[in-house]
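Trainee: Give the three-dimensional model of this entry:
(4 chains)
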2 protein chains.
Amino acid sequence: MLSKKTKYGLKALTFIARSESDMPVQVSVIAKSEQIPQKFLEGILLTLRKSGILGSKKGKHGGYYLRSLPSEIKMTDVMRVLEGPIAMVPCVSLNYYEKCDDCPDEHKCSVHKLMIEVRDNTLKVFRNTTLADLSGV
Amino acid sequence: MLSKKTKYGLKALTFIARSESDMPVQVSVIAKSEQIPQKFLEGILLTLRKSGILGSKKGKHGGYYLRSLPSEIKMTDVMRVLEGPIAMVPCVSLNYYEKCDDCPDEHKCSVHKLMIEVRDNTLKVFRNTTLADLSGV
DNA sequence: GTAATCCCTACTAAATTGATAGGATTAATA
DNA sequence: TATTAATCCTATCAATTTAGTAGGGATTAC
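Mentor: Predicted structure coming up:
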């Protein structure tokens, strides 16, 4: 299941992408419009900023803004930041690979093969989707 | 992430599919060979039996067996029994649909569209894969 | 009758999730 | 410069889920 964190994060990014003005968008505005607990959202936008997807401006009239064009923000990156590994098992993860304790031989593991296929198909979707597609911008 | 329950379940099914003999396969044998805690595995095989994928025989020389040919046991069914909904959000689940509290209009939701695509691609994999593919039988 | 096996329920520890609380820091502006 | 409005940061918490354990009941082969 998709975590609330990811869901809220995607909605927030969409909201920012759709905002017309040049001014940064404030957390309070997004929280109110998208019905997300503000303090929770603060933390989410913070991680998106630390990952380099968002930029921020502090103090009065501060807020968050995209650091690239929506069409250049890929879902692979966003999902990895918000949700973590895309693969369903660490032993088929490209970015977070880890061997299983149980499997003596990965290449003979039936689960392994299936999960590689799932990963590749999910990856295909996320690679072909950008924030522009989500936000219609 | 894939739960241990699902992983163990898939390994157990594979093991049973590969077993040559006509005799039912005992939990203890699977647990030992696949390095799965036996009591935990008992519960997993029980849910697979209740769902109709496995059959069982009680008492001495009892055990579990497949109720269909491996090539007729689809991953869609297995995954739904073991892992639950295939969709990442209830609002795009075919079998467990539920409306989101937050979304006023599903069709305008950016997350919704993305998750439908992910679901369709994952579903495609699970529909095209059977236990025969996993077990090489 | 006994041993082996599945069946069932209840419990528990650890991790994760979805928040909340409280304030520190920074910047605009009156 | 004082005030206000923002982001930033850390700690805490309750609820849920996960992974596993415990103990015994029911059934069957021999």
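Trainee: Could you confirm whether any residue of the helix ranked longest in chain A contacts DNA strand D?
Mentor: Criterion DSSP state H: the longest helix present in chain A is helix A:110-127. No. Judged by CB under 7 Å from any atom of the strand, helix A:110-127 stays clear of DNA strand D, getting no closer than 13.1 Å. Any C-beta I mention is one placed from the backbone N, CA and C, and that applies to glycine too.
Trainee: Now the residue located most distally from the centre of chain A, what are its backbone angles?
Mentor: Taking CA atoms, centre = their mean, the residue of chain A most remote from its mean C-alpha position is residue A:104, at 33.1 Å. The phi/psi pair for residue A:104 (degrees, to the nearest 10) reads phi -70, psi -40.
Trainee: For it, give its distance to DNA strand D.
Mentor: Computed with CB to the nearest atom of the strand, to the nearest Å, the distance linking residue A:104 and DNA strand D is 17 Å.
Trainee: Tell me which residues are up against the longest helix of chain A.
Mentor: A:74-76, A:79, A:86-89, A:91-94, A:103, A:106, B:2, B:7, B:10-11, B:14, B:75, B:114, B:117-118, B:121-122, B:124-126, B:129, B:133-136 (CB atoms under 8 Å, 6 or more residues apart in numbering or on different chains).
Trainee: In helices, which of those fall?
Mentor: Per DSSP H, the subset of those in helices is A:75-76, A:79, B:7, B:10-11, B:14, B:75, B:114, B:117-118, B:121-122, B:124-126, B:133-135.
Trainee: Please pick the buried ones from these.
Mentor: Neighbour counting by 16 or more other CB atoms under 10 Å in any protein chain shown classes A:75-76, A:79, B:7, B:10-11, B:14, B:75, B:114, B:117-118, B:121-122, B:125-126, B:133-135 among those as buried.
Trainee: Burial check on the residue in chain A that DNA strand C sits nearest to, number of neighbours?
Mentor: Distances between chain A and DNA strand C by CB to the nearest atom of the strand are smallest at residue A:59, namely 2.3 Å. If you count neighbours by other CB atoms under 10 Å in any protein chain shown, residue A:59 ends up with 5.
Trainee: any idea whether it is helix, strand or coil?
Mentor: coil (DSSP: H, G, I helix; E, B strand; the rest coil).
Trainee: beta partners of residue A:65?
Mentor: residue A:55 (DSSP bridges).
Trainee: so it sits right up against residue A:55, yeah?
Mentor: Yes. Counting by CB atoms under 8 Å, residue A:65 does reach residue A:55; the two are 5.4 Å apart.
Trainee: Mind listing the shared neighbours of the two?
Mentor: With CB under 8 Å, 6+ apart as the test, residue A:65 and residue A:55 both reach residue A:24.
Trainee: Mind pulling the model confidence for residue A:33?
Mentor: Here the pLDDT value assigned to residue A:33 is 95.
Trainee: Isn't it up against residue A:15?
Mentor: Yes. With contact defined as CB under 8 Å, residue A:33 counts as touching residue A:15 (6.5 Å).
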